[in-house]
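**Student:** Have a look; sequence and predicted model below, questions after that.
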Amino acid sequence: MNINLSKIQSVPRLNGEWEYMFYLDLEYGNNINIEMIEKTLEKHTSNLEVLGVYNKDNMLYES
């Protein structure tokens, strides 16, 4: 897969249990299956939420 991690940001959760939320910006081409990326990430996290999908020139931009 040709995926570029252009940004990662961590934010502590306010539950007092030293847990963090991560926000990722991913860039990938039109030939990449978005559902496959989501399923792969879901295997490694307790919660996954897609906040938006945007076009960036000829590439799809995930934010």
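**Tutor:** Perfect, thanks for sending it. Note that the structure is predicted; figures quoted are calculated from it, not measured.

**Student:** How is the residue in the chain sticking out farthest from the centre assigned, secondary-structure-wise?
**Tutor:** Taking C-alpha atoms, centre = their mean as the measure, the residue most remote from the mean C-alpha position of the chain is residue 16, 24.3 Å away. Counting by DSSP: H, G, I helix; E, B strand; the rest coil, the backbone at residue 16 sits in coil.

**Student:** For the remainder of this discussion, apply numbering that starts at 17.
**Tutor:** Taking 17 as the first residue, the last one we looked at is residue 32.

**Student:** Is the residue positioned nearest the centre of the chain part of a helix or strand, or is it coil?
**Tutor:** Nearest to the geometric centre of the chain sits residue 40, at 4.3 Å (C-alpha atoms, centre = their mean). Here residue 40 is strand, with the state taken from three-state DSSP.

**Student:** Kindly report the same for residue 37.
**Tutor:** Applying three-state DSSP: residue 37 is strand.

**Student:** and it, how far is that from residue 69?
**Tutor:** To residue 69, residue 37 is 19 Å away according to C-beta to C-beta, to the nearest Å. C-beta: built from backbone N, CA, C; applies to glycine.

**Student:** residue boundaries of the strands in the protein?
**Tutor:** Assigned by DSSP state E, the strands in the chain fall at 19-28, 36-44, 69-72, 75-78.

**Student:** which one of these is the most hemmed in?
**Tutor:** Stretch with highest mean neighbour count among the strands of the chain: strand 75-78 (a mean of 17; mean count of other C-beta atoms under 10 Å).

**Student:** returning to what we had before: make JSON lines out of the strands of the chain and add mean pLDDT and distance to residue 61.
**Tutor:** Shown next, in JSON lines, are these (pLDDT from 0 to 100; distance: least, C-beta to C-beta, whole Å):
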{"stretch": "strand 19-28", "mean pLDDT": "89", "distance to residue 61": "13"}
{"stretch": "strand 36-44", "mean pLDDT": "87", "distance to residue 61": "8"}
{"stretch": "strand 69-72", "mean pLDDT": "69", "distance to residue 61": "18"}
{"stretch": "strand 75-78", "mean pLDDT": "54", "distance to residue 61": "15"}
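
**Student:** Please name whichever of those is nearest to residue 58.
**Tutor:** For residue 58, the closest of these is strand 36-44, at 13.3 Å, according to C-beta to C-beta.
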